[in-house]
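Student: pasting a predicted model and its sequence here:
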Amino acid sequence: MPQILVSEVGPRDGLQSIAAVMPTPAKLRWIGALAAAGLREIEVCSFVPPKLLPQMADAAEVVAGACRLSGLAVAALAPNLRGARAAFEAGAAKVTLPVSVSEAHSLANVRKTHAQMRDEVAAVVALRNAEFPSVKLEAGLSTAFGCTLAGQVPEADTLRLAAAMAQLGVDEVGLSDTTGYANPAQVKRLFKALRAELGERAGGAHFHNTRGQGLANVVAALEADVNTFDASQGGLGGCPYAPGATGNIVTEDLVFLLESMGLDTGIDINGLLAARAALREGLPGEPLYGHVPDAGLPNGFAYAREAA
Ligand code: ZN
């Protein structure tokens with residue numbers, strides 16, 4: 001069993017941040033190529049009103065298609081009860097609820113106060129428990145490391161919200177650096193505190209590479225025993241109105257980092273490079289990032305599983 005779970009979020013976080021709409025069959029070809037490279041969990045879409053995000057109008061179809069791939073845990077994002085119900089009904093194995101630590105971000109992102117969001121999460125947990133008991137629920141704490149609207153986010157606020165989410169009955173609570181504000185010292189401190197507070201319910205890390213700190217933050221999180229990392233192929237994402245803004249940490253570079261440190265991911269880097277072709281085909285002209293895809297694997301590179 002691989003030691004580290006790399007959760008691909010490109011089809012959700014990447015696609016929702018760019019203007020172009022990828023056709024459904026192209027999404028499914030891309031997701032299939034990612035699964036063939038050895039990714040065991042892919043967040044394939046978010047269940048939001050198509051008026052807000054036309055890129056996600058085919059969410060149910062994409063979940064159903066991805067569920068036909070064997071061995072893949074199909075994950076989806078849902079900001080509210082309505083979205084969560086649609087995700088459960090479509091067959092998602094895991095649903096992530098984005099919960100902002102910064103209330104200003106919560107109001108801007110999901111138009112809800114903290115109290116309203118708590119009620120929403122409680123309702124989602126109740127629905128899951130009653131009708132979809134096999135689905136795993138994660139609260140993804142966005143702006144956990146800082147917020148473009150509120151600036152610094154006190155660590156005590158993040159930990160208090162994490163504890164509240166665990167108490168409501170989600171299976172795990174992850175921390176997201178939505179804004180690319182995190183630094184490695186903060187990451188290590190906060191994930192250690194999260195584990196002390198939540199034990200087994202402490203979840204994974206979701207980093208954006210906006211300021212180039214993404215992989216340094218991964219190493220810091222590893223030192224705090226984090227074993228699940230979100231990433232997007234080619235660092236897909238950013239913002240159509242902010243040239244140069246990149247998205248999540250790059251899956252290809254993350255897998256290379258982990259494998260060269262001796263941590264087994266179960267993922268084949270050449271398979272990931274092949275999946276880029278499927279992505280390019282579905283989204284011609286979209287910039288893709290990544291140092292390993294540009295430079296190639298070093299001479300003599302060995303996977304952790306080969307060295308073991
Ligand atoms: Zn994100």
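Tutor: Done, it's in. Keep in mind that this is a model prediction, so the values were computed, not measured.
Student: burial check on Ala156, number of neighbours?
Tutor: The local packing count at Ala156 equals 9, with neighbours defined by other CB atoms under 10 Å. In short, each C-beta sits where N, CA and C put it, glycine included.
Student: helix or strand: which one has it?
Tutor: Taking DSSP states H and E as the definition, Ala156 sits inside helix 155-168.
Student: now do that helix: which elements does it pack against?
Tutor: helix 114-131, strand 136-142, strand 172-177, helix 184-198 (3 or more CB pairs under 8 Å, 6 or more residues apart in numbering; DSSP states H and E).
Student: starting at the chain centroid, how far to that helix?
Tutor: Helix 155-168 sits 19 Å away from the centroid of its parent chain (CA atoms, centre = their mean, to the nearest Å).
Student: between that helix and helix 114-131, how many degrees?
Tutor: 30 degrees (axes from the mean of the first three to the mean of the last three CA atoms, to 10 degrees).
Student: buried residues, helix 155-168. List them.
Tutor: Glu155, Asp157, Thr158, Leu159, Leu161, Ala162, Ala164, Met165, Ala166, Leu168 (16 or more other CB atoms under 10 Å).
Student: got it, and stretch 275-294?
Tutor: Ala275, Arg276, Ala278, Leu279, Gly282, Leu283, Glu286, Leu288, Tyr289, Gly290, Val292, Pro293.
Student: can you give me the helices in the stretch 1-150 of the chain?
Tutor: In the stretch 1-150 of the chain, the segments counted as helices under DSSP state H, counting those that start in this stretch are 15-16, 24-36, 59-67, 81-90, 103-110, 114-131.
Student: and of the ones you listed, who's closest to Asn299?
Tutor: Asn299 lies closest to helix 24-36 among those, at 25.5 Å (CB to CB).
Student: and the closest one, what does it pack onto?
Tutor: For helix 24-36, the packing partners by 3+ CB pairs under 8 Å, 6+ apart come out as strand 41-46, helix 59-67, helix 269-282.
Student: please repeat the previous calculation with a cut-off of 10 Å.
Tutor: strand 5-8, strand 41-46, helix 59-67, helix 269-282 (3 or more CB pairs under 10 Å, 6 or more residues apart in numbering; DSSP states H and E).
Student: for the ones you listed, which one ends up most surrounded?
Tutor: strand 41-46 (a mean of 27; mean count of other CB atoms under 10 Å).
Student: pull out the buried positions in the host helix or strand of Gly203.
Tutor: In the assignment (DSSP H and E), Gly203 maps to strand 202-207. By neighbour count on 16+ other CB under 10 Å, the buried set for strand 202-207 is Ala202, Gly203, Gly204, Ala205, His206, Phe207.
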